[in-house]
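Chemist: Here is a sequence together with a model predicted from it:
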Amino acid sequence: MRRFAATMLGTILTVTACVTTSAPLEVPALPPIDDAALSSLLESGDPIVLNVWASWCIPCRSEAPLLSAAYEAFGDRVSFIGVDIEDTQEDARQFISEHGLEFDNYFDRAGTVRANLGGVGVPITYFFAPGGELVYRHNGVIDERTLSLQIDEILNR
């Protein structure tokens, strides 16, 4: 299964790199996220990939296409959630539109999600098993191999 996920994600990345988006996404204001909303999301029963990002973060820009491709490949089995921190609504919406991020994104002006889950800087990607158990935290830009392996891990729990 792990080999399949890595191969599938690699294929999708190759195809995605060859496709251009014709129109920018219309992005509404991002809903705020607080401790109660985060707890509710984590207790959903689904495996979750939660990525903390910011529009001003250059490494976040480099990993956005990978996360978008992973969502396309696994979004029917894994919930992908983005949390924009220490940013403005306008810049966050532009980032989402520019990178074609179609998964749910939330706004966390103060960075409380990151503070509560642990970690420093951005980007940070958290992997949760069904029921909300934190399985893995990746500080910094995530690579294709790590993303694939951790998605397999949370799918097989």
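Modeler: That came in fine, so what should we check first?
Chemist: switch to C-alpha atoms for all contacts and neighbour counts from now on
Modeler: Fine.
Chemist: Pull the number of nearby residues for the residue nearest to residue 111 when sequence neighbours are not counted.
Modeler: Spatial nearest neighbour of residue 111, chain neighbours left out: residue 85 (5.0 Å); criterion: C-alpha to C-alpha, 6 or more residues apart in numbering. By other C-alpha atoms under 10 Å, the residues close to residue 85 number 24.
Chemist: ok, now residue 143?
Modeler: 13.
Chemist: Check it and give its pLDDT.
Modeler: Looking at residue 143, its pLDDT reads 97.
Chemist: What of the one 3 residues further on?
Modeler: According to the per-residue confidence, residue 146 scores 98 in pLDDT.
Chemist: Quick check: which helices or strands does the helix or strand harbouring it pack against?
Modeler: For residue 146, the host element (DSSP states H and E) is helix 144-155. Using 3 or more C-alpha pairs under 8 Å, 6 or more residues apart in numbering; DSSP states H and E, the elements in contact with helix 144-155 are helix 2-18, strand 124-128.
Chemist: hang on, the earlier thing: and the residue nearest to residue 111, what is it in contact with?
Modeler: Listed by C-alpha atoms under 8 Å, 6 or more residues apart in numbering, the contact set of residue 85 reads 52, 53, 54, 107, 108, 109, 110, 111.
Chemist: Switch those over to JSON lines; also include distance to residue 94.
Modeler: Output for these, formatted as JSON lines (distance: C-alpha to C-alpha, whole Å):
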{"residue": "52", "distance to residue 94": "16"}
{"residue": "53", "distance to residue 94": "13"}
{"residue": "54", "distance to residue 94": "11"}
{"residue": "107", "distance to residue 94": "13"}
{"residue": "108", "distance to residue 94": "16"}
{"residue": "109", "distance to residue 94": "16"}
{"residue": "110", "distance to residue 94": "19"}
{"residue": "111", "distance to residue 94": "19"}
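Chemist: Looking at these, spot the one nearest residue 127.
Modeler: Among the contacts of residue 85, residue 52 lies closest to residue 127 (C-alpha to C-alpha), at 11.6 Å.
Chemist: Pairing partners for the closest one in the sheet, please.
Modeler: residue 83, residue 124 (DSSP bridges).
Chemist: Might one say that it is in contact with residue 87?
Modeler: No. Using C-alpha atoms under 8 Å, residue 52 makes no contact with residue 87, being 11.6 Å away.
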